[in-house]
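Asker: 3D, please:
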Amino acid sequence: MKRLFAVMACSMLVGPLVSCGDDESSSANTATAGTAASSTDAPAPTQASATTEAGLTTAVDNPALKGTLTIMAPGPFKGVLEAATTEFEAANPGVTIELNLGHVPTLLTQLEGGVVADVLVTPDAGTMGQAVTKGLTAGGPSVFAKVPMALVVPAGNAAGVAGVSALADEALRVAVCAAELPCGKLADQLAKKAGIVISADTMETGGSPGVVTKASTGEIDVGLVFATDIAAGGSKVAKVVIPDTINVASDASAAVLKVADDADVAAAFLAFLTSEAGRTLVTGKGFLVP
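Answerer: Numbering: from 1, shown residues only. The predicted structure is shown next:
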């Protein structure tokens with residue numbers, strides 16, 4: 001039997017886009033979204049300039065920076081972080097960046113278990129809020145992008161999905177993320193904004209990438225996912241855009257960790273992500289400017 005999300009239309013919402021945050025409450029999102037990278041404990045280094053591959057002049061926090069930077073992040077951020085790594089390492093030849101990618105809840109568990117890393121990246125304010133509450137971060141997080149939602153359908157869109165109302169169609173095979181995941185919490189927010197009751201056949205514990213996979217194999221007719229994850233499905237899937245007037249998005253943020261071995265390098269990387277060049281890079285990967 002399908003699980004129904006009981007929701008009501010939100011006529012009092014303010015603004016065309018929710019600063020969502022896949023979090024336990026909107027207050028947690030507000031608490032983390034506006035904190036700038038400069039709030040880290042690292043001292044401000046001398047700046048020079050360099051030209052990135054994107055053709056923009058960006059601040060190189062210290063051309064003499066050296067060290068290995070370990071970044072913990074969800075798997076769907078691989079593409080944008082690899083691109084950021086290429087540019088940052090080019091501007092700072094003494095720095096090597098290693099990515100530790102994993103499932104969002106697992107990242108916090110690893111950190112609590114003693115895994116050493118320098119930077120934590122989360123797709124939502126709620127997860128970052130948990131890291132801050134647990135005392136894992138040094139200074140405040142920096143929001144560097146917003147991650148919008150979209151509908152994913154099998155190539156050809158045989159079910160004729162045209163909009164979010166399809167998520168409420170009991171005749172269709174509908175998939176959303178498991179409720180405890182960031183994308184699952186966004187599903188609730190979208191349902192409230194759109195005034196629909198989502199009729200979900202699948203509550204995907206594999207998150208947004210898992211929903212895309214099910215669309216690529218034809219197991220579902222429509223799924224709700226992070227828009228940036230759809231490309232992984234290649235030609236086997238298609239995207240149905242959700243209008244900005246009802247769409248929701250989560251705040252992708254990064255923070256220097258207390259256990260960081262190279263806190264100065266970590267702070268410089270966060271400064272890059274929130275710079276003009278960094279934002280050009282992330283928007284080029286399908287994210288939105290915060």
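
Asker: I'd guess A150 is in a strand, am I close?
Answerer: Yes: assessed with DSSP: H, G, I helix; E, B strand; the rest coil, A150 lies in a strand.

Asker: So it is in contact with V222, correct?
Answerer: No: using C-beta atoms under 8 Å, A150 is not in contact with V222; the gap is 10.7 Å. Every C-beta, even on glycine, is put in place using the N, C-alpha and C of the backbone.

Asker: quick one: V143 and G75, what's the gap?
Answerer: 20 Å (C-beta to C-beta, to the nearest Å).

Asker: Equivalent analysis for G286, please.
Answerer: 15 Å.

Asker: So the two - more neighbours on which side?
Answerer: A direct count of neighbours by other C-beta atoms under 10 Å for G286 and G75 places G286 higher, at 19 against 16.

Asker: give me phi/psi at the more buried one?
Answerer: Main-chain dihedrals, G286, degrees, to the nearest 10: phi 100, psi 0.

Asker: and if you look at A162?
Answerer: Dihedral pair for A162: phi -120, psi -20, per degrees, to the nearest 10.

Asker: Surely it and A238 touch.
Answerer: No: applying C-beta under 8 Å, one finds A162 not in contact with A238, separated by 12.0 Å.

Asker: Same drill for the two, tell me which one is more crowded.
Answerer: A238 (16 against 11).

Asker: Quick check: the more buried one vs A91, distance?
Answerer: 37 Å.

Asker: cool, I71 as well?
Answerer: From I71 over to A91 (counting by C-beta to C-beta), the distance is 16 Å.

Asker: Contacts only, for the residue nearest the centre of the chain.
Answerer: With distances taken as C-alpha atoms, centre = their mean, P123 lies nearest the centre of the chain, 2.8 Å away. Residues in contact with P123 (C-beta atoms under 8 Å, 6 or more residues apart in numbering) are D22, P74, P76, F77, V104, V147, P182, C183, F226, S250, A252.

Asker: What values do phi and psi take at it?
Answerer: Note on P123: its backbone torsions stand at phi -80, psi 0 [degrees, to the nearest 10].

Asker: Do you know the pLDDT at it?
Answerer: Listed pLDDT for P123 reads 92.

Asker: for P76, same thing?
Answerer: 86.

Asker: ok, it - contacts?
Answerer: P123, S208, P209, F226, T228, D229, A232.

Asker: count of neighbours near the last one?
Answerer: By that I understand A232. 19.

Asker: Assign it to helix, strand or coil.
Answerer: With three-state DSSP as the basis, A232 sits in helix.

Asker: List the contacts of it.
Answerer: P76, P209, V212.

Asker: Closest to T280 out of these?
Answerer: P76 (19.8 Å; C-beta to C-beta).

Asker: how much space is there between that closest one and T228?
Answerer: 6 Å.

Asker: same deal with T96?
Answerer: 26 Å.

Asker: Show the contacting residues for A150.
Answerer: Contacts for A150 (C-beta under 8 Å, 6+ apart) come out as L224, V225, F226, A227, I230, K239, V240, V241, I242.

Asker: Filter the contacts of P76 down to just the ones in strands.
Answerer: F226 (DSSP state E).

Asker: Run through the strands of this structure in chain order.
Answerer: Using DSSP E, strands in the chain cover 3-4, 18-19, 48-51, 57-60, 67-74, 95-102, 119-122, 142-154, 174-177, 199-200, 202-204, 222-226, 237-240, 248-256.

Asker: how about the ones you listed in TSV, adding distance to G135?
Answerer: Formatted as TSV, the strands of the chain follow (distance: least, C-beta to C-beta, whole Å):
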stretch	distance to G135
strand 3-4	35
strand 18-19	24
strand 48-51	34
strand 57-60	30
strand 67-74	16
strand 95-102	20
strand 119-122	13
strand 142-154	18
strand 174-177	28
strand 199-200	35
strand 202-204	31
strand 222-226	28
strand 237-240	39
strand 248-256	12
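
Asker: Between its first and last residues, what's the separation in stretch 257-275?
Answerer: 20 Å (C-alpha to C-alpha, to the nearest Å).

Asker: Go ahead and measure how far that stretch is from the middle of the chain.
Answerer: 18 Å (C-alpha atoms, centre = their mean, to the nearest Å).

Asker: First-to-last residue distance for stretch 159-173?
Answerer: First-to-last residue span, stretch 159-173, C-alpha to C-alpha: 9 Å.
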